[in-house]
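Student: One predicted model, sequence on top.
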Amino acid sequence: MNDIVISARGLRRTYGRGERAFEAVKGVDLDIVEGEVFALLGTNGAGKTSTLDLLEGLAAPSAGAVEVFGLDPLRHRDQVRAQVGIMLQSGGLPAELTVAETLEMWRGTCSNPTTVEVVLAQVGLVDRAEVRVGSLSGGEQRRVDMACALLGQPRLLFLDEPTTGLDPESRRRTWQLLADLKAAGVTMVLTTHYLDEAESLADRIAIMGKGVVARRGTLREIVDDHPARIVFDHPGLPVPQLRGAHVEARERVTVSTDDLQGHLFELLAWAREAGVRLAGLEARAASLESVFLDIAGDADARPNTPELIGARR
């Protein structure tokens, strides 16, 4: 059994005091094991950024405890940081330095660095080494951020929106790089608004909402515990009640079911016998997106498809 790299118990984070106090993290428990990719998902304001700050040792919890490699990441910062790489959503690197100069500068902060040439090859920027960072595209700057995170040859890697701004080819290349790192035994904590990214890369997923972990497990465990849905325009007749399903009949009828095929068959048979057409009929198996949206509690807080870009918070 793999060792536990990150252990969090009862983590809480409160901002402000008195009547203005706001609790962003409300008792989070997490165990992340060696060699896994763990995705932490949530809409803006769900608490995942504050949780990450605690796991990374950037802030002290208001209550609870966190250990990274068995150490407090804040009190034992030097020991922990030597083994950790962090890719923030925005690196804020000096625009006037070249890519090579930037990485050489960053390399000087690492305890056990690899070479600039190695990380340039890993992120596909060998031919951009002498270009100023400020002249790079947004996607290329994200790859520089990734290179900085990899310079210290980390055992644990925090990745905050690692593929935001990347074109499809660079995005797939980054996925392959992360797969290679995983194969080499690197543990990763990933946040992303691209749900297909979490589906493809993560061994386990935790979805946060309102400061708590609302759902966790493998993709299959999360999806299997969630109902499928059948949706259609109201036909103007009383909709049959389906045993074992929840039917909500408004302008659009929504059927939540654990037996998609059986209940769909019943509805189609009823519609045929009643002589009605089920306009706008959609039948969808449970997905990470449907679970995410239910936890978000707001269909307007829709997560990103590959062509949309989300914010960390």
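Tutor: Cool, got the structure.

Student: Please work out how many residues are found near residue 147.
Tutor: Residue 147 has 25 neighbours, counted by other CB atoms under 10 Å. For every residue, glycine as well, the C-beta is placed using N, CA and C.

Student: For it, give me its contacts.
Tutor: 99, 103, 119, 120, 122, 123, 125 (CB atoms under 8 Å, 6 or more residues apart in numbering).

Student: if we go to 6 Å?
Tutor: By CB atoms under 6 Å, 6 or more residues apart in numbering, the residues touching residue 147 are 103, 119, 123.

Student: Looking at those, which is nearest residue 167?
Tutor: The shortest approach to residue 167 among the contacts of residue 147 belongs to residue 123, at 13.8 Å (CB to CB).

Student: Could I get the contacting residues of the closest one?
Tutor: Counting by CB under 6 Å, 6+ apart, residue 123 makes contact with 143, 146, 147.

Student: any idea which element the nearest residue to it once chain neighbours are set aside lies in?
Tutor: Nearest non-adjacent residue to residue 123, counting by CB to CB, 6 or more residues apart in numbering: residue 143, 4.2 Å away. For residue 143, the host element (DSSP states H and E) is helix 138-150.

Student: got a list of contacts for the helix or strand following that helix?
Tutor: Later in the chain than helix 138-150, the nearest helix or strand by DSSP H and E is strand 156-160. The contact list for strand 156-160 (CB under 6 Å, 6+ apart) reads 5, 56, 84-89, 186-191, 312.

Student: Give me the PyMOL select line for these, limited to the buried ones.
Tutor: Buried subset of the contacts of strand 156-160, written as a PyMOL selection, criterion 16 or more other CB atoms under 10 Å:
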select buried, resi 5+56+84+85+86+87+88+89+186+187+188+189+190+191+312
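
Student: ok, so of the contacts of strand 156-160, who is nearest residue 261?
Tutor: Checking the contacts of strand 156-160 against residue 261 with CB to CB, the nearest one is residue 190 at 33.7 Å.

Student: so where do the helices sit in the chain?
Tutor: Using DSSP state H, the helices of the chain run over residues 48-55, 77-81, 99-107, 116-123, 138-150, 168-183, 195-201, 219-224, 260-274, 288-296.

Student: so can I have a markdown table of these showing mean pLDDT and distance to residue 15?
Tutor: Shown next, in a markdown table, are those (pLDDT from 0 to 100; distance: least, CB to CB, whole Å):
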| stretch | mean pLDDT | distance to residue 15 |
| --- | --- | --- |
| helix 48-55 | 94 | 8 |
| helix 77-81 | 94 | 22 |
| helix 99-107 | 96 | 30 |
| helix 116-123 | 96 | 35 |
| helix 138-150 | 94 | 26 |
| helix 168-183 | 93 | 32 |
| helix 195-201 | 95 | 27 |
| helix 219-224 | 93 | 29 |
| helix 260-274 | 96 | 43 |
| helix 288-296 | 90 | 21 |
